[in-house]
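Trainee: here is a sequence with its predicted model. Questions after.
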Amino acid sequence: MALAEFELIRQYFATPALTFSRPGVVLGPGDDCALLQVPDGHVLAMSIDTLNDGVHFPSDADAEALAQRSLRVNLSDLAAMAAEPLGFTLALSLPKVSESWLQGFSQGLAACASQYQCSLLGGDTTRGPLAITIQVHGTVPIGAALRRSGARPGDAIYVTGTLGDAALALPYLTHKPGHDVANLSADEWAFLQAAFYQPEPRTQAGMALRGLASAAIDISDGLASDLNHILQASAAESGALGAIIESSQLPVSDLAAKLLTDQGRLSVLLGGGDDYELCVTVPPQCEAQAQAAISALGLRFTRVGEVVSASGIMVREAGGAPRPLQLSGYRHFGDEGDE
């Protein structure tokens, strides 16, 4: 007999592993609303994302891995704003009740919630095509949030971690011709799966860059596309802005260096998306302090370019002159003519 909605919630989501106590959470699941107490001198940061079956993840995705991805990509938005995670709500649409699937999903969600100290506050379940909507809540001191609109000419452009791993994973995960998992070692396949399903939300890095970075964004649709969001938002205050990206400085993992071809390198590293690393701009006088702050976290932090007083993004190959970048990132409605 299929579980009723409230029994499903009680058994798989209203558990101590997911609804643990957090400072600022006055009341979690069980009533019509959760109650949050924002600390004095702080503001509440919120973000929401929906992941749809066959659009944002393969239909045969493992439930535990999928839960990890679903929460992590939302936590990445908090990281980009330098906010500390507090809690999240979950809306889950299921085509059918599978207790084994729910067990795995609940376990993956709990593992991520515990790691980033972000407890489940409540939510909803309903019948329908598989879709996962998560809204994250975090706190940040008043005036300390990183935004997209602070970049200025002369600021350095940095990224955390490496680029392109999740984009390289996707054709293997979706069984594209020419991408046979048998051609990878077990460690390589595990690395690519983790890059896609377990991206590291850089929450500690975001908080460490408070007062040092002039603008920030998380890289979800590709570095070129997301950097352009910073340039457009910042141009409203400082006039037309562009960027020069140093192709040779783009950080890659050892496996990406092995798999990438020269022909497709920029497309993957600048347009692949799903990295969930931070792209930040840093004024020259703050560079040394920002580098030290991220180094203290043991995290790779690479200067990949500079903001300039010109429109558009240029890319410079080693020893060459900058040229316009003919590349865009992922667009949700691009096939329908959305510009």
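Mentor: That came through, no problem. Given the structure is predicted, the values throughout are model-derived calculations rather than measurements.
Trainee: okay, now the domains of this protein?
Mentor: When the chain is parsed with automatic domain parsing, its domains come out as 5-141, 156-336.
Trainee: which one is the spatially most central residue of the chain nearest to, not counting chain neighbours?
Mentor: Note on the chain: the residue nearest the mean C-alpha position is Tyr276, at 3.1 Å, using CA atoms, centre = their mean. Nearest residue to Tyr276, sequence neighbours excluded (CB to CB, 6 or more residues apart in numbering): Pro199, at 3.7 Å. Backbone N, C-alpha and C define where each C-beta goes, glycine included.
Trainee: next one, pLDDT for that neighbour please.
Mentor: If you check Pro199, the pLDDT there is 97.
Trainee: ok, Ala14 next?
Mentor: 86.
Trainee: same question for Glu336.
Mentor: 44.
Trainee: low pLDDT regions in the protein?
Mentor: Of all residues in the chain, those with pLDDT under 70 make up the ranges 1-3, 327-339.
Trainee: tell me which stretches of it form strands.
Mentor: 25-27, 35-36, 42-52, 84-94, 119-127, 131-141, 156-160, 215-218, 242-246, 278-282, 301-308, 312-316, 323-324 (DSSP state E).
Trainee: of the ones you listed, which is nearest Met207?
Mentor: Of all the strands of the chain, strand 84-94 sits nearest to Met207, with 6.3 Å by CB to CB.
Trainee: what pairs with the closest one, and is each one parallel or antiparallel?
Mentor: Paired neighbours of strand 84-94 in the sheet (DSSP bridges): strand 119-127 (parallel), strand 131-141 (antiparallel).
Trainee: that one to strand 42-52, inter-axis angle?
Mentor: Angle, strand 84-94 to strand 42-52, by axes from the mean of the first three to the mean of the last three CA atoms, to 10 degrees: 30 degrees.
Trainee: extract the C-alpha trace of strand 84-94 and format it as CSV.
Mentor: Output of strand 84-94 as CSV, limited to C-alpha atoms (Å, rounded to 0.1, in the frame of the first residue of the first chain):
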residue,chain,number,x,y,z
GLU,A,84,25.8,31.7,5.9
PRO,A,85,23.3,28.9,5.4
LEU,A,86,20.4,28.7,7.9
GLY,A,87,17.7,26.4,6.5
PHE,A,88,15.8,25.3,3.4
THR,A,89,12.3,24.3,2.3
LEU,A,90,11.5,21.5,-0.2
ALA,A,91,8.7,21.0,-2.7
LEU,A,92,8.9,17.6,-4.2
SER,A,93,6.7,16.4,-7.1
LEU,A,94,6.8,12.6,-7.6
